[in-house]
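Novice: Provide a 3D model corresponding to the input given below.
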Amino acid sequence: MSSSRRAFLQQSLVAPLAVGEVAGTVDRAPGTGQGGGLVQAAGAQAGAATPAPRKPRRLRPGSVVGIVDPASATWDPVDVDIVVESLAALGLKAKLGAHLLDRHGYLAGRDEDRAADVMAMFTDPGVHAVHALRGGWGCARLLPHLDFDAIARNPKILLGYSDITALLLPVYARGGFVTFHGMNGASEWNTFNVGWFKRLLMQGEAVTFTNPLSAGDQLVPTENRIRTITPGVARGRLLGGNLTVLTTIIGSGLLPDFRDAILFVEDVQEAPYRIDRMFMQLKLAGILDQVKGVIWGRCTKCSPGEGSYGSLTIGDLLDHYLAPLKVPAWEGAQIGHIDRQFIMPLGVQAEIDAERGSIRMLEAAVI
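Specialist: I've put the predicted structure just below:
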């Protein structure tokens, strides 16, 4: 999340949740909380059955994809043309939100209008998916204006990343169905991204994500490498998104239960001290101590910067916060503000291997 939005993000800390001892092995059975429910306060009953989230219907030739802009304004109408043409090339149809090209300062129109576009797509029976055009900042401002009961009655593919995390997690928690952290409409429709789009959302595959490695003209691969923090294999529901956005809505009552989850996080243009602060918030909120594994994607442009001699690095912070958890963890997955990114289905059971850097879906994300 860029520094230009930071003034509008209010960090909040909540009292630590009551959690049990977390074991970092595959042997611990997933699901000791309500997988589609909200983060529970101290004293919540442990050991309750975990209802599996519902799955939206897959996209088929002729399916309609609703395009909305729930966050920052879209400055270039060509971005809209590209997503419409890209969907058409896949045999899909685009329906544009009524306020898609509105602008209210840095936002894509008034909160009520952006929320109305989201609700219109979910309640329109002729629309089969809701795709965010871009992120930026503004999705959290929509949450008071959304009818989550109506959304729950209309499970559909919801796709986007970055600030769209503020919709993905609450819709999963309150709507009770799988959502998707992945390419925005204004992202690159390259072969890598389109491949995951087709395999997950159209063909309904349970895929295995691993970074593509090629040495090229180097002696060994130098791009897309991973670094294992804690080796091991674990299973759990995939949950996560943009770290800044996730921590911003802690305490809102709109986050899912992270007990026994596989947490994935990413960020952009955040100095290490801010990443430090946000991981500390996850720790104080009890989230880190509940998960069965952690995947750190990419933190693009997150170096200490000039004049920051002696700063902790992102790697230092990951070692500090993740290694003591004693659960499988690694950094470098293709999740985040990069041209080629995975589509991560929130709420789907997966098995991770921190030495291989693999994420194996144990079930399809759509029906």
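
Novice: in contact with the most centrally placed residue in the chain, which residues are there?
Specialist: In the chain, the residue lying closest to the centroid (Cα atoms, centre = their mean) is Gly241, at 2.8 Å. Gly241 is in contact with Tyr161, Ile164, Thr165, Leu168, Leu169, His181, Phe264, Val265, Glu266, Leu346, counting by Cβ atoms under 8 Å, 6 or more residues apart in numbering. Bear in mind the C-beta positions are built from the backbone N, C-alpha and C, glycine included.

Novice: so what's the residue nearest to Leu59 when sequence neighbours are not counted up against?
Specialist: Once its chain neighbours are removed from consideration, Leu59 has its nearest residue in Met202; the separation is 4.8 Å (Cβ to Cβ, 6 or more residues apart in numbering). For Met202, the contacting residues are Arg58, Leu59, Arg60, Leu90, taking Cβ under 8 Å, 6+ apart as the criterion.

Novice: host element of Pro345?
Specialist: In this structure, Pro345 is located in strand 344-346 according to DSSP states H and E.

Novice: backbone dihedrals for the residue sitting furthest away from the middle of the chain, both of them.
Specialist: Distance from the centre of the chain peaks at Leu219, with 34.3 Å (Cα atoms, centre = their mean). For Leu219, the backbone dihedrals (degrees, to the nearest 10) come out as phi -70, psi -40.

Novice: same deal with Val65?
Specialist: The phi and psi values for Val65, taken as degrees, to the nearest 10, are phi -110, psi 120.

Novice: tell me where the protein is predicted with low confidence.
Specialist: Within the chain, the stretches falling below the threshold (pLDDT under 70) are 1-50, 306-309.

Novice: 90 instead?
Specialist: Counting by pLDDT under 90, the ranges of the chain that qualify are 1-51, 75, 303-310.

Novice: for the chain, longest strand please?
Specialist: Identified as the longest strand of the chain according to DSSP state E is strand 233-242.

Novice: after that strand comes which helix or strand?
Specialist: helix 243-248.

Novice: quick one: the helices in the stretch 101-250 of the chain, in order.
Specialist: Shown for the stretch 101-250 of the chain, the helices assigned by DSSP state H, counting those that start in this stretch span residues 111-123, 148-152, 165-170, 191-196, 243-248.

Novice: CSV for these, including distance to Phe209 and mean neighbour count?
Specialist: Written out in CSV, the entries for the helices of the stretch 101-250 of the chain read as follows (distance: least, Cβ to Cβ, whole Å; neighbours: other Cβ atoms under 10 Å):
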stretch, distance to Phe209, mean neighbour count
helix 111-123, 27, 20
helix 148-152, 27, 15
helix 165-170, 17, 27
helix 191-196, 8, 16
helix 243-248, 19, 26
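
Novice: would you reformat the ones you listed as a markdown table and include distance to Gly105?
Specialist: Below are those laid out as a markdown table (distance: least, Cβ to Cβ, whole Å):
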| stretch | distance to Gly105 |
| --- | --- |
| helix 111-123 | 11 |
| helix 148-152 | 27 |
| helix 165-170 | 18 |
| helix 191-196 | 30 |
| helix 243-248 | 19 |
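
Novice: closest one to Ala140 among those?
Specialist: In terms of Cβ to Cβ, the element of the helices of the stretch 101-250 of the chain nearest to Ala140 is helix 165-170, at 4.3 Å.

Novice: which other residues reach the closest one?
Specialist: Helix 165-170 is contacted by residues 70, 118, 132, 139-140, 142-143, 146, 148, 158, 160, 179-181, 239, 241-242, 245-246, 248-249, 252, 254-256, 346 when judged by Cβ under 8 Å, 6+ apart.

Novice: narrow those to those that are buried.
Specialist: When neighbours are counted using 16 or more other Cβ atoms under 10 Å, the contacts of helix 165-170 contain these buried positions: 70, 118, 132, 139-140, 142-143, 146, 148, 158, 160, 179-181, 239, 241-242, 245-246, 248-249, 252, 254-256, 346.

Novice: from Arg114, how far out is the residue lying closest to Ala166 once chain neighbours are set aside?
Specialist: In space, not counting the residues next to it along the chain, Ala166 is nearest to Cys139; the distance is 3.7 Å by Cβ to Cβ, 6+ apart. Distance check for Cys139 against Arg114: by Cβ to Cβ, to the nearest Å, it reads 9 Å.

Novice: mutual contacts of those two, please.
Specialist: Any residue near both Cys139 and Arg114 by Cβ under 8 Å, 6+ apart counts here, and that gives Pro70, Ala71.

Novice: do you have the strands of the stretch 151-300 of the chain handy? List them.
Specialist: With DSSP state E, counting those that start in this stretch as the criterion, the stretch 151-300 of the chain has strands at 157-160, 179-181, 208-209, 227-230, 233-242, 261-268, 293-300.

Novice: ok, and what's touching the host helix or strand of Lys95?
Specialist: Taking DSSP H and E as the definition, Lys95 sits inside strand 93-96. Among residues not part of strand 93-96, those counted as contacts by Cβ under 8 Å, 6+ apart are 62-67, 80, 83-84, 87-88, 121, 124, 126-127.

Novice: and the strand holding Pro345, what does it pack onto?
Specialist: Secondary structure elements in contact with strand 344-346, counted by 3 or more Cβ pairs under 8 Å, 6 or more residues apart in numbering; DSSP states H and E, are strand 179-181, strand 233-242.

Novice: and the next helix or strand after that strand with strand 261-268, angle?
Specialist: Proceeding N to C from strand 344-346, the next assigned helix or strand is strand 349-353, under DSSP H and E. In terms of direction (axes from the mean of the first three to the mean of the last three Cα atoms, to 10 degrees), strand 349-353 departs from strand 261-268 by 70 degrees.
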